[in-house]
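Engineer: structure of the sequence below:
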Amino acid sequence: MKKIFAICTFLFATLVGCIENDLPYPVIIPKITSMVVDGATAVSINSDQRTVTITLSEPTDIRRVNIREVLFDNEQTTMSWDITGEHDLTSDLSVTLTTYQDYVWTIKAEQPIERYFTVKGQVGASEIDVANRRVVTYVNSTESKSNITVTSLKLGASEVTTYSPAISKLKDFTHGAEVIATAHGLSEKWMIFIEQTETLVEIKSVDAWTGVAWVRATGIAGQTNGFKYRKQGDSEWIDVSGDKISSNGGDFSAAIENLSPLTTYECYAYSGNNQTQPRSFTTEEMRQLPNAGFEIYSNAESDKYYSFYDPASTTAEIQTKWWDTGNKGSTTVGSSYSITNPDKGDVAEGKSSAKLESQYVIVKFAAGNIFSGEFDRVIGTTGGVVNFGRPFTLRPRSLTLWLKYKSSPIDHVNGAPDNDPVKVGDMDRCQVFVALGDWDYRTYGGTPDSPVQINTTDRSTFFDPKSKAVIGYGSYVSDKSTDGWIKVEIPIEYTSTSRKPTHIIISCAASMLGDYFTGGSKSVLWVDGMELHY
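Structural biologist: Numbering: from 1, shown residues only. Take a look at the predicted model:
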């Protein structure tokens, strides 16, 4: 009996030793959800790029930044080393986060510093070269470089920077002046130069849009600075001065408003008793969006859904597609899942509106939407690809539209941006945004007509209003159901008055986080009567 038992024990041990655990570990990507940092004005977390960017206030010593707390989305997450505590963030930190796999995160800091230098009677604004720690300021040729009155100086962080010599001691700039700026025990040597100029007032630029011209000039600080303009051929000049002028030292600028499209004007700048020669400029045309009331639609693409254009139309701009929707993707399982349709029975103006209905389509949440561009393709059951944008070179200042919204509780959560966490039960939000930019399709993945490609399976492609290609942007977001139709104005904020866009993107969605397949399946947004204002 003992022999049989021994043999059985041996066989059991052998069998157990041969069993291999080949089940894969689950893939759980760890995320930093928040970080508390002393002296930070903002902490931006990008889980797609696995970066944390800390924006520090000016007085904070970037070499001694205290990270108080780090939180993760999964309690099983561990760090390769404890990053809480004091750090020198003049260079980036790296830390490996682990659940079942390892992921490297980068923590970096930025610290914007405002710098300025002004003197009495200066011409134009000071030129501040931070990299070479050099300042150049211009004065009238009649001013003595050996007897300059400095009116303001700030070359380092506020509150903590001291200067040697003190501002009251800076007088003689015949050969330039050396200023030592010291903060947190570190000193920087700056050289400041005063140059004389014969040009007392000069127009630097005129950026003419459709209904406004942005004019910039240099003059003498402390003088009465302004502009005068008139329509070419008129005798009377119109003055633009006082609170309509923005000044920076001797630089000054203004917006000349209420201009007519495709009209030639002339303007000049003045500073005290000095003025420039008149300079002419011509405003741009005014153009509206095609089918902006969604009156035209057809089954041109499919008998499963309507498209908002009609090849049989007698109007050329309506014969080809300008607006598109996600219908091509949602109706792959049947025409009953069309998410955007014309609505003749509920309009703000005209004969029809666009009705955008969010719903759960078999295996995925789909947000009712309409946008300038073209739906490209479906990616199995995981998502879709759209190309945003249509050619457009003008610069409207706002977009108005009529809308009506019925918000519903969010019942599908498949993801959200790092800075906008949502949960089931939160009220859904609609969004309408307009963007103008100079996107290159070879960089942004789309086509020459619709250059910005959005792939809902790849969050790195999602539209970024802070992209360097975006020139103007405005957005309307609401989680409130409306009591009937309301008229909404969306101001467009521009990063530059001189850059001209190549395309315009307008996007309307019944569920703002539809790209993440997150929203309320009973949310409905109606839009009608869009109009650009110049």
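
Engineer: buried ones in stretch 320-340, by neighbour count?
Structural biologist: Judged by neighbour count using 16 or more other C-beta atoms under 10 Å, the buried positions of stretch 320-340 are 321-331, 337-340. In this view, the C-beta of every residue, glycine as well, is placed from N, C-alpha and C.

Engineer: what do you get for stretch 102-112?
Structural biologist: Neighbour-count burial for stretch 102-112, counted by 16+ other C-beta under 10 Å, picks out 103, 105, 107, 109, 111.

Engineer: correct me if wrong: the last one contacts residue 60.
Structural biologist: Pointing back at residue 111 there. Yes - using C-beta atoms under 8 Å, residue 111 is in contact with residue 60, at 7.0 Å.

Engineer: what does stretch 331-342 contact?
Structural biologist: Contacts to stretch 331-342, defined as C-beta atoms under 8 Å, 6 or more residues apart in numbering, come from residues 294, 297, 302-306, 308, 325-327, 330, 352-359, 361-362, 366-370, 378.

Engineer: the same query, at a cut-off of 6 Å, please.
Structural biologist: Residues from elsewhere that reach stretch 331-342, judged by C-beta atoms under 6 Å, 6 or more residues apart in numbering: 297, 304-306, 325-327, 330, 352, 355-357, 361-362, 366, 368, 370, 378.

Engineer: same question for stretch 481-497.
Structural biologist: The contact list for stretch 481-497, computed with C-beta under 6 Å, 6+ apart, reads 207, 214, 348, 397-407, 471-472, 474, 476.

Engineer: how much space between residue 499 and residue 214?
Structural biologist: Using C-beta to C-beta, to the nearest Å, we find residue 499 at a distance of 12 Å from residue 214.

Engineer: the residue nearest the centre of the chain is in what secondary structure piece?
Structural biologist: Taking C-alpha atoms, centre = their mean, the centroid of the chain lies closest to residue 466, which sits 2.4 Å from it. Here residue 466, judged by DSSP states H and E, is contained in no helix and no strand.

Engineer: pLDDT value on it, please?
Structural biologist: pLDDT for residue 466: 94.

Engineer: helices along the stretch 201-350 of the chain, start to end?
Structural biologist: Shown for the stretch 201-350 of the chain, the helices assigned by DSSP state H, counting those that start in this stretch span residues 327-330.

Engineer: how about the strands in it?
Structural biologist: 202-208, 213-218, 225-231, 238-240, 246-248, 251-256, 264-271, 274-275, 279-282, 323-324, 340-343 (DSSP state E, counting those that start in this stretch).

Engineer: for the closest residue to residue 521 other than its chain neighbours, name its beta-bridge partners.
Structural biologist: Nearest in space to residue 521, with sequence neighbours left out and distances taken as C-beta to C-beta, 6 or more residues apart in numbering, is residue 360 at 4.7 Å. Beta bridges link residue 360 to residue 365 when assigned by DSSP bridges.

Engineer: surely residue 360 is in contact with residue 522?
Structural biologist: No - look at residue 360 against residue 522 with C-beta atoms under 6 Å: they stay out of range, at 9.8 Å.

Engineer: rewinding a little: okay, and which of the contacts of stretch 481-497 map to strands?
Structural biologist: Among the contacts of stretch 481-497, the members found in strands (DSSP state E) are 207, 214, 398-406, 471-472, 474, 476.

Engineer: buried subset of those?
Structural biologist: The neighbour count (16+ other C-beta under 10 Å) marks 207, 214, 399, 401-406, 471-472, 474, 476 as buried among the ones in strands among the contacts of stretch 481-497.

Engineer: want to try a markdown table for those residues, with distance to residue 269 and pLDDT as columns?
Structural biologist: Shown next, in a markdown table, are these (distance: C-beta to C-beta, whole Å; pLDDT from 0 to 100):
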| residue | distance to residue 269 | pLDDT |
| --- | --- | --- |
| 207 | 14 | 98 |
| 214 | 13 | 98 |
| 399 | 32 | 98 |
| 401 | 38 | 98 |
| 402 | 42 | 98 |
| 403 | 43 | 98 |
| 404 | 48 | 98 |
| 405 | 47 | 98 |
| 406 | 53 | 98 |
| 471 | 25 | 98 |
| 472 | 26 | 98 |
| 474 | 30 | 98 |
| 476 | 37 | 98 |
